[in-house]
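Engineer: What follows is a predicted structure for the sequence shown.
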Amino acid sequence: MAQADPATGSAKKDSKDVQQIRTYRNFGVIAHIDAGKTTFSERILYITGKSHKIGEVHEGAATMDYLEEERKRGITITSAATTCKWRDHRLSLIDTPGHVDFTAEVERSLRVLDGAVGVFCAVAGVQPQSETVWRQANRYKVPRVAFVNKMDRTGANFDKAVASMRSRLNANPVPLVMPIGSEKAFQGVIDLVHMRACVWSEDDAREMEVGGIPDELLAEAKKRREQMVEAVAECDDAVLEKFVEGEEVSVEEIMRAIRKGTLDLKITPVFCGSAFKDKGVQNVLDAIVDYLPHPLDVPPIEGTNPETDEKVVRELLPDQPFAGLVFKTISDPNGDLTFIRIYTGEMQQGEKYYNARTRRFERIGRLVRMHAAQREPIDLARAGDIVAAVGIKDSITGDTLSTRENPVIYEAMNFPDTVISMAIEPKATADRDKLSEVIGKFVREDPTFKARTDEQTGQMVISGMGELHLEVKCNMIMNDYKIPVVVGRPKVAYKMTLKGPKDVEARHIKQSGGSGQFAVVRVRFSTDDAIEDVEFIDSVKGGSVPREYIPSVGNGIEAAVKGGGRVGFPYVKVRAELWDGQSHDVDSSTMAFEAAGILAFRLASENNSLLLEPIMKIEVECPEEKTGDVIGDLSSRRGLIEEMVAKPGGISAVTGKVPLAEMFQYSTSLRSMTQGRGTYTMEPASYEPVPPNIATKVLEDHQKG
């Protein structure tokens with residue numbers, strides 16, 4: 001008979017494989033830049049015995065920040081995966097970046113992870129990028145626990161940080177611990193579930209001393225436990241009934257209710273500590289085991305059979321046909337690495353698996369489990385595993401690998417549009433092919449990095465999510481691949497839209513002896529914010545445009561919209577309704593109607609276009625006495641200030657929106673304005689119309705090249 005596990009509340013089955021999968025925890029560490037994610041990840045490796053020396057971020061020695069650029073800058077640029085053990089459970093951890101320029105790394109990690117730990121700063125609370133990654137986790141329905149870090153810092157306030165989670169994230173945080181002291185006096189926490197004190201020694205904080213709650217804190221701890229039990233009782237009917245009746249609720253019942261509430265996304269258990277001082281990390285490790293899902297807790301992933309378009313839903317077990325999602329590729333001198341989350345079945349080294357997108361087989365040369373940059377060879381990977389394969393050639397982020405007999409495609413990931421671009425060329429002509437090859441690798445690895453050749457200048461133009469994103473790529477080209485390059489000034493990714501609706505008649509009629517070209521189309525153009533770039537509608541009645549030519553009109557309009565008409569910036573939010581036209585029995589052709597479609601859009605956009613620019617959401621933290629200077633400077637950059645909040649330690653946080661075009665080299669200006677004490681974060685918010693006087697200048701400069 002199946003028995004229930006008190007910690008997890010799940011029934012154990014007879015299958016050894018299933019029992020093993022129940023001991024897997026695939027989770028990511030997500031947070032705002034500088035909240036302490038990588039430090040927290042390093043402590044997990046140290047406390048679980050995976051590494052015997054702590055790698056410090058500020059010393060450039062963090063295990064998880066293994067790229068040269070990461071170590072120089074002290075930030076995480078690419079997600080790093082590792083595996084460790086805690087309480088006989090296998091933890092697969094992915095440390096994600098916090099900077100908005102590398103948000104795609106978070107996106108693809110959350111797509112394949114079962115759970116996450118959100119790290120928050122006890123001084124700053126919820127910061128802008130925390131909101132972004134939290135929204136990403138909401139989109140993928142990822143259960144989370146939260147860790148309020150830096151409790152030993154001046155200005156640390158646990159309750160305030162929890163309140164900011166409630167107000168800014170619309171979350172339901174439930175503290176499972178109460179801090180013992182704060183700032184310099186922070187010693188440990190009271191575990192409200194087991195009602196015990198956990199205190200760490202200053203000599204070796206891996207040693208956690210568990211004991212009774214100090215008398216002076218007992219009343220407050222009882223009060224907080226009551227609040228905690230009330231919050232988690234809402235998640236479990238049996239516990240709620242006992243709580244309402246005033247009966248004692250056991251520790252096992254509380255843990256079961258917490259786990260159920262976490263998996264149902266009703267609550268977020270909150271812990272606190274200081275990762276840098278090794279305090280509080282063990283409690284979070286226990287919570288990962290007790291409250292975050294194992295792969296079998298996750299609802300079966302819905303896919304599509306590419307040959308029949310039927311829905312495919314399978315239990316996430318090893319005895320099902322194989323299917324895995326490619327979520328990351330890395331170019332590597334020792335063989336390109338392709339990271340795969342295995343959902344069903346087994347993957348074996350040396351076997352071939354089918355990619356339905358390319359309609360080709362991929363052979364798995366070697367299978368490895370990653371520990372940051374180190375590789376541990378394995379022969380077999382099962383459902384629930386996150387592994388990397390060497391030897392895969394054509395599969396990219398978002399592809400599904402499966403068997404040929406049971407093909408499946410899982411939903412791919414969506415990534416934001418690039419907002420900034422710059423020209424790049426090698427100093428030596430001989431390096432041109434080498435540079436193209438390296439940029440091709442970057443494009444394959446990073447879905448938010450794009451490259452194209454400018455038709456007018458012949459230069460290569462690279463595009464990304466921000467100045468830092470492109471700067472990092474250029475530094476990697478010069479330092480890692482030893483290709484000296486010259487880069488142009490960054491340029492904003494402007495877009496266009498139509499000012500208003502317009503009906504046009506486009507006549508493409510040419511006669512030059514022999515068969516000519518004849519196509520007449522009447523198109524009604526309008527705009528709609530719900531449309532990404534262009535939507536083509538066929539409203540032709542009575543056969544005025546023969547059916548075989550209608551797709552060609554749509555192709556012509558789409559080419560003109562995306563090509564930017566005569567201006568060169570791509571158009572967005574365009575609806576084109578073909579409602580009438582004329583054809584000729586002899587001279588009409590698909591080419592003629594495509595040309596008519598291009599002409600129709602040119603006529604519609606003539607003197608009817610609006611230039612749009614990317615607007616960024618910005619938060620600047622600076623000393624209070626410099627707030628006026630910062631606000632004045634942002635206003636001079638066409639910024640709109642939305643809020644100013646005083647924070648502990650004499651710091652002000654200024655939030656608002658500002659055009660990206662005005663923000664180049666802002667970090668240098670902010671440093672000089674605040675004597676090096678100001679910091680800022682930016683993320684894309686929307687596209688808005690450019691003021692007419694500035695739009696005229698931008699268009700003139702663009703046409704000059």
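Structural biologist: Thanks, I have it.

Engineer: Work out the gap between whichever strand or helix holds residue 596 and the centre of the chain.
Structural biologist: If you go by DSSP states H and E, residue 596 is part of helix 590-605. Put simply, helix 590-605 sits 38 Å off its chain's centre (CA atoms, centre = their mean, to the nearest Å).

Engineer: Output the contacting helices and strands for that helix.
Structural biologist: When contacts are defined as 3 or more CB pairs under 8 Å, 6 or more residues apart in numbering; DSSP states H and E, helix 590-605 sits against strand 495-498, strand 502-510, strand 517-527, helix 550-563, strand 574-582. From N, CA and C alone the C-beta is placed, and that goes for glycine too.

Engineer: so residue 129 touches residue 30, yeah?
Structural biologist: No. Here residue 129 lies out of contact with residue 30, judged by CB atoms under 8 Å, at a distance of 9.2 Å.

Engineer: between those two, who's got more neighbours?
Structural biologist: Comparing residue 129 with residue 30 by neighbour count (other CB atoms under 10 Å), the higher total belongs to residue 30, at 29 against 24.

Engineer: Leaving out the residues flanking it, which one is nearest to the more buried one?
Structural biologist: Nearest residue to residue 30 in three dimensions, chain neighbours excluded: residue 133, at 4.3 Å (CB to CB, 6 or more residues apart in numbering).

Engineer: Thought residue 102 was touching that neighbour, still the case?
Structural biologist: No. Contact criterion CB under 8 Å: residue 133 and residue 102 do not qualify, at 11.0 Å.

Engineer: Please produce CSV containing the helices and strands packed on helix 590-605, extended by mean neighbour count and mean pLDDT.
Structural biologist: Output for the helices and strands packed on helix 590-605, formatted as CSV (neighbours: other CB atoms under 10 Å; pLDDT from 0 to 100):
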stretch, mean neighbour count, mean pLDDT
strand 495-498, 22, 93
strand 502-510, 17, 94
strand 517-527, 22, 94
helix 550-563, 21, 93
strand 574-582, 20, 95
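
Engineer: closest to residue 537 out of the ones you listed?
Structural biologist: Among those, the nearest to residue 537 by CB to CB is strand 574-582 (4.3 Å).

Engineer: Alpha carbons of that closest one, in PDB - could you do that?
Structural biologist: Below are the C-alpha coordinates for strand 574-582, written out as PDB (Å, rounded to 0.1, in the frame of the first residue of the first chain):
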ATOM      1  CA  VAL A 574      -0.600  47.900 -39.100                       C
ATOM      2  CA  ARG A 575      -3.900  46.300 -40.300                       C
ATOM      3  CA  ALA A 576      -4.300  45.900 -44.100                       C
ATOM      4  CA  GLU A 577      -7.700  44.900 -45.500                       C
ATOM      5  CA  LEU A 578      -7.700  44.000 -49.200                       C
ATOM      6  CA  TRP A 579     -11.300  44.600 -50.300                       C
ATOM      7  CA  ASP A 580     -11.200  45.100 -54.100                       C
ATOM      8  CA  GLY A 581      -9.000  45.100 -57.200                       C
ATOM      9  CA  GLN A 582      -8.600  44.200 -60.900                       C
END
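
Engineer: what about the residue nearest the centre of the chain, which helix or strand?
Structural biologist: In the chain, the residue lying closest to the centroid (CA atoms, centre = their mean) is residue 107, at 2.4 Å. Here residue 107 sits within helix 103-112, counting by DSSP H and E.

Engineer: A strand includes residue 620, no?
Structural biologist: Yes. Counting by DSSP: H, G, I helix; E, B strand; the rest coil, residue 620 is part of a strand.

Engineer: Confirm for me that it is in contact with residue 633.
Structural biologist: No. Counting by CB under 8 Å, residue 620 stays clear of residue 633, with 9.2 Å between them.

Engineer: and these two? which has more neighbours close in?
Structural biologist: Taking neighbours as other CB under 10 Å, residue 620 and residue 633 compare with residue 620 leading, 28 against 16.

Engineer: what separates the closest residue to residue 595 other than its chain neighbours from residue 694, distance-wise?
Structural biologist: Of all residues not flanking residue 595 in the chain, residue 508 sits nearest, at 4.6 Å (CB to CB, 6+ apart). Distance of residue 508 to residue 694, computed by CB to CB, to the nearest Å: 36 Å.

Engineer: And residue 254, by the same measure?
Structural biologist: 59 Å.

Engineer: Neighbour count: these two, which is higher?
Structural biologist: Ranked by neighbour count (other CB under 10 Å), residue 254 and residue 694 place residue 254 first, with 22 against 15.

Engineer: Tell me the spatial nearest neighbour of that one, not counting adjacent residues.
Structural biologist: residue 193 (5.6 Å).

Engineer: who's in contact with the one you found?
Structural biologist: Residue 193 is in contact with 176, 228, 251, 254, 255, 258, counting by CB atoms under 8 Å, 6 or more residues apart in numbering.

Engineer: how about the fourth one, what does it touch?
Structural biologist: Spelled out, that is residue 254. So residue 254 contacts 193, 229, 232, 239 (CB under 8 Å, 6+ apart).

Engineer: rewinding a little: just checking, what packs against the helix holding residue 107?
Structural biologist: strand 24-30, helix 128-139, strand 323-330.

Engineer: swap the cut-off to 10 Å and go again
Structural biologist: strand 24-30, strand 89-95, strand 115-121, helix 128-139, strand 323-330, strand 337-344 (3 or more CB pairs under 10 Å, 6 or more residues apart in numbering; DSSP states H and E).
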